[in-house]
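A.B. asks: model this:
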Amino acid sequence: MAGQRGKTRKPSFSDREVPVAAHQAETRDWSEIKHFSPRDFTCTCTGFCDHPAAISLDLAKKLDLIRERLGRHITILSGTRCTRHNRRIGGTLNSPHVPKNGISHAADVHCPDSSFRFAFILAASSLFKRIGIGKDFIHVDDDPELPPDVMWTYGPDRSSANAISLSNT
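C.D. replies: So this is what the prediction gives:
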């Protein structure tokens, strides 16, 4: 690990989760995205992994569109997460933040106040089929492997508390 003389960190399984080829293929069109960069979605584990963001480019484009519509800055709190970091913070086992096939499909957005929450959810509901609402954040994802048309709230410990299905089926 950088800064530790004579010590190197043994690569963990999470370091191998995001193949370089998948990352490069997914991020080559970031020129289309005006308000975000891959760095905004990188795992914030502080030392568990060294892999770059492998966020769904489609998700980043949707967030960019929401940013345009709102005319307000959007802060990404969490994008891609390595398995260890996701486990450490209490993320779900099948979290869309953890890359599947080299790409993660979720972002948690900072929610500074209720007017931002209202505007963001209004804009996001036309673009995302999965939305979670926390006290100070909003989760959006476009994971094709998880049930669509759902919205949920988080309890005080940030665990998923109540799920609401938006579909009629």
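
A.B. asks: give me the beta-bridge partners of the nearest residue to residue 134 once chain neighbours are set aside?
C.D. replies: Nearest residue to residue 134, sequence neighbours excluded (Cβ to Cβ, 6 or more residues apart in numbering): residue 154, at 4.1 Å. Heads up, the C-betas are built off the backbone N, CA and C, glycines and all. Following DSSP bridges, residue 154 is listed with bridge partners residue 160.

A.B. asks: does residue 154 really touch residue 138, like I thought?
C.D. replies: No: the criterion here is Cβ atoms under 8 Å, and residue 154 misses it with residue 138 at 9.8 Å.

A.B. asks: Mutual contacts of the two, please.
C.D. replies: residue 132 (Cβ atoms under 8 Å, 6 or more residues apart in numbering).

A.B. asks: More neighbours: these two, which one.
C.D. replies: Remark: of residue 154 and residue 138, residue 138 carries more neighbours, 22 against 18, as counted by other Cβ atoms under 10 Å.

A.B. asks: Run through the bridge partners of the residue nearest the centre of the chain.
C.D. replies: Note on the chain: the residue nearest the mean C-alpha position is residue 107, at 2.3 Å, using Cα atoms, centre = their mean. Under DSSP bridges, the beta-bridge partners of residue 107 are residue 140.

A.B. asks: Show me which helix or strand of the chain is least confident by mean pLDDT.
C.D. replies: helix 20-27 (a mean of 40; mean pLDDT, DSSP states H and E).

A.B. asks: What's the first helix or strand after that helix?
C.D. replies: For helix 20-27, the following helix or strand on the C-terminal side (DSSP states H and E) is helix 57-70.

A.B. asks: can you give me the mean pLDDT across that next one?
C.D. replies: Here helix 57-70 scores 97 as its mean pLDDT.

A.B. asks: Next: stretch 40-53.
C.D. replies: Mean predicted confidence for stretch 40-53 is 76.

A.B. asks: Over to stretch 98-113?
C.D. replies: What stretch 98-113 shows for mean pLDDT is 94.

A.B. asks: next one: stretch 75-88
C.D. replies: 93.

A.B. asks: quick revisit: distance of the residue nearest to residue 134 from residue 58?
C.D. replies: Per Cβ to Cβ, to the nearest Å, residue 154 is found 24 Å from residue 58.
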